[in-house]
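A.B. asks: 3D, please:
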Amino acid sequence: MRVLTMATAKGGTGKSTLAAGLAVAAVQSGEKVYLIDLDPQESLLTWAKQREVDEPGVDRCSIDQIEPALAGLRRKGYTLAILDTAGMDNAASAEAMKLADFVLVPARPSALDINGAKPTVAALIELQKNFAFVANCCPAGKIARVDDASRALVLFGGLAKPVIVQRADHMDAMALGLGVTEFNPAGKAAEEIRALWGWVKRSMRDDHTARAAAAV
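C.D. replies: Down below sits the predicted model:
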């Protein structure tokens, strides 16, 4: 089982929306997925209450329950756990990053978001964790600000592909307890989330292969 943690010390980056969208896209691609909500706002739990299907599973747990919960999910045959953390530095976020196989750091294309993520990046470097930024809530079209932010994020720690454009489908899907790939499967938002999940899956697989080779 792979553990994907969504983390950033900056609030308001669309982290929970990305977590829900990626989880549903992963389920649709054949993964057995569980979401663990570590954010006091409980956005994913609220989303899950609107759903009419059981997958992906969603629950909240305290910091001392995270590791036992992951062990239980492994025993039950889950292939992916996604940990959604608070938009701040706290003990639960630190534990979620420590237990991750890969960490996504959402950031809007602004200097405030990039600077606000610095404590998260410093912690990930200290933990020697593989991570990448995902440029989220980006304006549509060829915008210089997005290009500038993307270049900065590449230099700062690496950038997942593609950038995620701010589209109404994301908000509408969350309100209905759906993933964006369920809400409007043929839409551009769904296309971007499926592509992002593919990028994340490849990154986690490549990291696993590299670590296995290093251990031989």
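A.B. asks: Which parts of this structure are strands?
C.D. replies: 2-6, 33-37, 57-60, 80-84, 102-107, 131-135 (DSSP state E).
A.B. asks: Can you spell out which helices and strands pack onto the fifth one?
C.D. replies: Contacts of strand 102-107 with other secondary structure elements, assessed using 3 or more Cβ pairs under 8 Å, 6 or more residues apart in numbering; DSSP states H and E, are made with strand 2-6, helix 15-28, helix 111-116, helix 118-127, strand 131-135, helix 188-215. The C-beta positions use only the backbone N, C-alpha and C, and glycine is treated the same way.
A.B. asks: redo that, cut-off 10 Å
C.D. replies: For strand 102-107, the packing partners by 3 or more Cβ pairs under 10 Å, 6 or more residues apart in numbering; DSSP states H and E come out as strand 2-6, helix 15-28, helix 91-98, helix 111-116, helix 118-127, strand 131-135, helix 144-156, helix 188-215.
A.B. asks: try the shortest one
C.D. replies: Helices and strands in packing contact with strand 57-60 are listed as helix 15-28, strand 33-37, helix 43-49, helix 66-75, strand 80-84; criterion 3+ Cβ pairs under 10 Å, 6+ apart.
A.B. asks: In JSON lines, list these along with mean neighbour count and distance to residue 90.
C.D. replies: Listed next are the helices and strands packed on strand 57-60 as JSON lines, based on neighbours: other Cβ atoms under 10 Å; distance: least, Cβ to Cβ, whole Å:
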{"stretch": "helix 15-28", "mean neighbour count": "25", "distance to residue 90": "14"}
{"stretch": "strand 33-37", "mean neighbour count": "24", "distance to residue 90": "14"}
{"stretch": "helix 43-49", "mean neighbour count": "18", "distance to residue 90": "16"}
{"stretch": "helix 66-75", "mean neighbour count": "15", "distance to residue 90": "13"}
{"stretch": "strand 80-84", "mean neighbour count": "27", "distance to residue 90": "13"}
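A.B. asks: Mind checking these for the one nearest to residue 98?
C.D. replies: Distance to residue 98, taken as Cβ to Cβ, is lowest for helix 66-75 among the helices and strands packed on strand 57-60, at 9.2 Å.
A.B. asks: Quick check: mean pLDDT of the closest one?
C.D. replies: What helix 66-75 shows for mean pLDDT is 96.
A.B. asks: Check stretch 126-135 too.
C.D. replies: Stretch 126-135 shows a mean pLDDT of 92.
A.B. asks: May I see the buried residues of that stretch?
C.D. replies: Neighbour-count burial for stretch 126-135 flags 129, 130, 131, 132, 133, 134, 135 (criterion: 16 or more other Cβ atoms under 10 Å).
A.B. asks: Closest one of those residues to residue 47?
C.D. replies: Distances from residue 47 to these, taken as Cβ to Cβ, are shortest for residue 134 (18.8 Å).
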